[in-house]
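Colleague: got a predicted model here, sequence first, then my questions.
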Protein chains: 2
Amino acid sequence: MPPEPAHAPFDTARLDWLMEAAGLDILVATSRHNTRYLMGGHRSFFFATMEAIGHSRYLPMVIYPRGGPEQAAYVGSTMENWDHALAPFWTPTFTAVTHTTGAAAEAAVAHLRRIAGTGAHIGIEPAFLPADAHAVLAAAFGADRLADATHALENLRALKTPAELDSLRRASELISASMVATIRAACPGIPKHALAETLRREETDRGLEFDYCLLTFGTDLNRAPSDAALREGDILSLDSGGNLDGYIGDICRMGILGEPDAELEDLLAAVDAVQQAAFAAIRPGATGAEVMAQGQAALDAGPLAGFTDFVAHGMGLVSHEVPFIARHSMYEPTDADRPLQPGMVLSVETTAKHPRRGFVKLEDTVAVTPDGCELFAAGNRGWIRAGTG
Amino acid sequence: MPPEPAHAPFDTARLDWLMEAAGLDILVATSRHNTRYLMGGHRSFFFATMEAIGHSRYLPMVIYPRGGPEQAAYVGSTMENWDHALAPFWTPTFTAVTHTTGAAAEAAVAHLRRIAGTGAHIGIEPAFLPADAHAVLAAAFGADRLADATHALENLRALKTPAELDSLRRASELISASMVATIRAACPGIPKHALAETLRREETDRGLEFDYCLLTFGTDLNRAPSDAALREGDILSLDSGGNLDGYIGDICRMGILGEPDAELEDLLAAVDAVQQAAFAAIRPGATGAEVMAQGQAALDAGPLAGFTDFVAHGMGLVSHEVPFIARHSMYEPTDADRPLQPGMVLSVETTAKHPRRGFVKLEDTVAVTPDGCELFAAGNRGWIRAGTG
């Protein structure tokens, strides 16, 4: 009997289709997010946060020839031999090297020479392939054979599986719970950096990997951690990303040290109304442009016009990813005119910078479902009382 | 009056000397560790753990012309405008761009065109400069003008200031305390991944940023987190890196669920004897080769010969850095024959893989002082009793 066919932990038919459309014969992925995705969630636990070691750095590389998962390979670290011993990687070939871009690239070239036909087009990630590793590939195959695989890979990841949606849902809920605990524990006089540190610990204690905390106190619009202290009557915003298995939860919630007056209640309700208007537009077949237009129309027609931004963007292993539905230079090329599909996930943000009251924002994560959408972490969207924990 | 001279937060005379020796006129640093170092400890809080965003990634760039700190520049993210507003960056020029390698590289080129003479040699970090950003620099100045600045930068960082030594000392002590708490809390049946998670939370609660946990249970030499459970009588090793302001604490400590017998007591004492022999060789003027030889000689003369590895390496913002005193392909070029200097920091590791008893290791951090050396986190180097917390 021939060997059992290799079973990749992702949709190979979709990847093959995307590679064909991009004119790519072989893929060489090197970013943290794409190597993790293509390896079915695996990453080196040793290099989870670090990358530099010795004179060089760790560089994971996943090699995938279009239509040929049985010729796929993973180039990792010698420390990943332990992971491989516990649960073998899906790629039929695994090469472990010692932590230099040069050694990783040479190992990739050796495998590519075995599987690549003359003139094969090799897809790379130009923003995530170090210059010296690129030089090794270019010397072996010619720089003109190296093409950009970024869009093929981000479109591969655009449709989330139920397991991915579950990770995003849980990440959102755990961040929401972390924010409530953090805001309730916030006492008068606490500096911004201490509140950000509290949130980091609350997220960590819930099993998340903390990524960042943007925060405002009072009427100051500066969102960086600092020595600024929380005062009686201050509003505060917490906008944090933390991840579960790499899947990012990214929401914004509002707190207040005291009780909100009618103007503040109305302000947050108006922000929520823009969010709800956008949610109502999210369903399969609707375009991103329609979602953006519906949110913006609600904003323009309401009391927030003139000092408020509305934006939405895809989210998953990367905090802004496909579908790119807003018009912004960072999001070019755009997906604004493509229909949304079930399994896509959007982050929706309405940010009011009120000239007298300060920064009032809600950010939510919404998944496109077969018949509409699902809002993750639907609670805690009103004014959360600080100093009550 | 002319403007006050720019004051760089690092030893510019040393950097100028290292750049001159390497034939570099201008430096363009892009790694997390070197940009953080050159910016006096600053990093973007938003991109502390993430790098990917949108179609591309965040790419910080520090530009420093030899002998010309007043022409230095920092290319960062628009979100760093908030940090800059709170405490202005030391570089006279700060350019904020929106999160693409292309935008960052174009901003760097624009600044370089203003300050670089024709034919200037530009030092880059080939393992930490993305291929697409490299292409932008090469198109502007010619690929033959881009040279490797890796060694100049790692030698700049080799001599730690008192503040850096304090960060490394505190990181070591906090990791030691985290390990004691983790081992004491380890009950029969706990899986390896749960113990690693406990350590992550203990380190986080002490203000550290957790990097990794290598661990063994019983006689198994596999150091990856897994479902393997701790059993009565098992020894266990915890080897973790976590950092404080980027400075890595990296030590290994031993635990046991039960009481060590005489053989285990002797084994750990023998490991410690190798460590102490190496410590005794660490002083200004001694070469790394002498430290390595003294540790290896103690190992070879004792009961651990045949199943034990001894290694030492520099440590700081990178877990293996200058001085590279061991002979290993990853450490080429080596510093083995250069004299140690005060302010250098070594990680010293003795790893016994006993054929019957399992994995017994101590790893310690030692700073070279004017008259010898200082061992950080000197406690908790014996058998720590599990299940007593």
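Modeller: Done, it's in. Numbers count the residues shown, from 1 in each chain, chains lettered A, B, ... in the order given.
Colleague: what about the residue in the stretch 151-300 of chain A that chain B sits nearest to, which SS state?
Modeller: Nearest to chain B, among the residues of the stretch 151-300 of chain A, is A:Ala224, at 3.7 Å (CB to the nearest CB). All C-beta atoms are positioned from the backbone trio N, CA, C, and that covers glycine. In three-state terms, and counting by DSSP: H, G, I helix; E, B strand; the rest coil, A:Ala224 is coil.
Colleague: swap in A:Ala305?
Modeller: Classification of A:Ala305 into helix, strand or coil gives coil, according to three-state DSSP.
Colleague: grab the nearest non-local neighbour of it.
Modeller: When the adjacent residues along the chain are set aside, A:Ala305 lies closest to A:Leu299, with 6.3 Å between them (CB to CB, 6 or more residues apart in numbering or on different chains).
Colleague: swap in A:Phe94?
Modeller: For A:Phe94, the closest residue by CB to CB, 6+ apart turns out to be A:Tyr74, at 5.1 Å.
Colleague: what of A:Ile115?
Modeller: Using CB to CB, 6+ apart and skipping the chain neighbours, the partner closest in space to A:Ile115 is A:Gln71 (4.6 Å).
Colleague: quick check: A:Ser178 is in a strand.
Modeller: No. Under three-state DSSP, A:Ser178 sits outside any strand and is assigned helix.
Colleague: grab the nearest non-local neighbour of it.
Modeller: Using CB to CB, 6+ apart, the closest residue to A:Ser178 is A:Glu202 (3.9 Å).
Colleague: go on, A:Gly41?
Modeller: By the measure of CB to CB, 6+ apart, the closest residue to A:Gly41 outside its immediate chain neighbours is A:Asp245, 6.1 Å from it.
Colleague: that older thread, just the pLDDT at the residue of the stretch 151-300 of chain A closest to chain B, thanks.
Modeller: Per-residue confidence for A:Ala224 comes out at a pLDDT of 98.
Colleague: next, count neighbours for the residue lying closest to it once chain neighbours are set aside.
Modeller: Counting by CB to CB, 6+ apart, the nearest residue to A:Ala224 once its immediate chain neighbours are dropped is B:Trp82, at 3.7 Å. When counting by other CB atoms under 10 Å in any protein chain shown, one arrives at 21 neighbours for B:Trp82.
Colleague: contacting residues around B:Trp82?
Modeller: Listed by CB atoms under 8 Å, 6 or more residues apart in numbering or on different chains, the contact partners of B:Trp82 are A:Asn222, A:Arg223, A:Ala224.
Colleague: is it true that it lies in a helix?
Modeller: Yes. Counting by three-state DSSP, one finds B:Trp82 located in a helix.
Colleague: tell me the spacing between it and A:Ser226.
Modeller: 8 Å (CB to CB, to the nearest Å).
Colleague: with A:Gly389 instead?
Modeller: 22 Å.
Colleague: then A:Pro126?
Modeller: Distance from A:Pro126 to A:Ser226, counting by CB to CB: 36 Å.
Colleague: compare these two (neighbour count), which wins?
Modeller: For A:Pro126 versus A:Ser226, neighbours defined as other CB under 10 Å are more numerous around A:Pro126 (22 against 19).
Colleague: find the nearest non-adjacent residue to the more buried one, please.
Modeller: The spatial neighbour of A:Pro126 that comes closest, neighbours along the chain excluded (CB to CB, 6+ apart), is B:Asp132 at 3.7 Å.
Colleague: give me every residue that touches the one you found.
Modeller: A:Pro126, A:Ala127, B:Thr101, B:Gly102, B:Ala105.
Colleague: return the member of the residues you listed nearest to B:Leu362.
Modeller: Closest approach to B:Leu362 among the contacts of B:Asp132 (CB to CB): A:Ala127, at 40.9 Å.
Colleague: who's in contact with that closest one?
Modeller: Applying CB under 8 Å, 6+ apart, we find A:Ala127 in contact with A:Ser31, A:Thr150, B:His55, B:Ser56, B:Arg57, B:Leu59, B:Thr100, B:Thr101, B:Pro130, B:Ala131, B:Asp132, B:Ala133.
Colleague: can you put those residues in TSV and add distance to B:Val368?
Modeller: Output for these, formatted as TSV (distance: CB to CB, whole Å):
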residue	distance to B:Val368
A:Ser31	38
A:Thr150	45
B:His55	46
B:Ser56	41
B:Arg57	37
B:Leu59	34
B:Thr100	42
B:Thr101	38
B:Pro130	35
B:Ala131	38
B:Asp132	41
B:Ala133	36
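Colleague: tell me the one of those residues nearest B:Asp371?
Modeller: Relative to B:Asp371, and with distances defined as CB to CB, the nearest of the contacts of A:Ala127 is B:Leu59, at 43.2 Å.
Colleague: what segments of the stretch 151-300 of chain A are strands?
Modeller: Secondary structure of the stretch 151-300 of chain A, counting by DSSP state E, counting those that start in this stretch: strands at A:209-217, A:235-244, A:247-256.
Colleague: let me fix that: the stretch 1-150 of chain A
Modeller: Taking DSSP E, counting those that start in this stretch, the strands of the stretch 1-150 of chain A run over residues A:26-29, A:52-53, A:56-57, A:61-65, A:73-77, A:93-97, A:122-124, A:146-148.
Colleague: got these as JSON lines, with mean neighbour count columns?
Modeller: As requested, those are exported to JSON lines (neighbours: other CB atoms under 10 Å in any protein chain shown):
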{"stretch": "strand A:26-29", "mean neighbour count": "26"}
{"stretch": "strand A:52-53", "mean neighbour count": "22"}
{"stretch": "strand A:56-57", "mean neighbour count": "25"}
{"stretch": "strand A:61-65", "mean neighbour count": "24"}
{"stretch": "strand A:73-77", "mean neighbour count": "25"}
{"stretch": "strand A:93-97", "mean neighbour count": "18"}
{"stretch": "strand A:122-124", "mean neighbour count": "24"}
{"stretch": "strand A:146-148", "mean neighbour count": "17"}
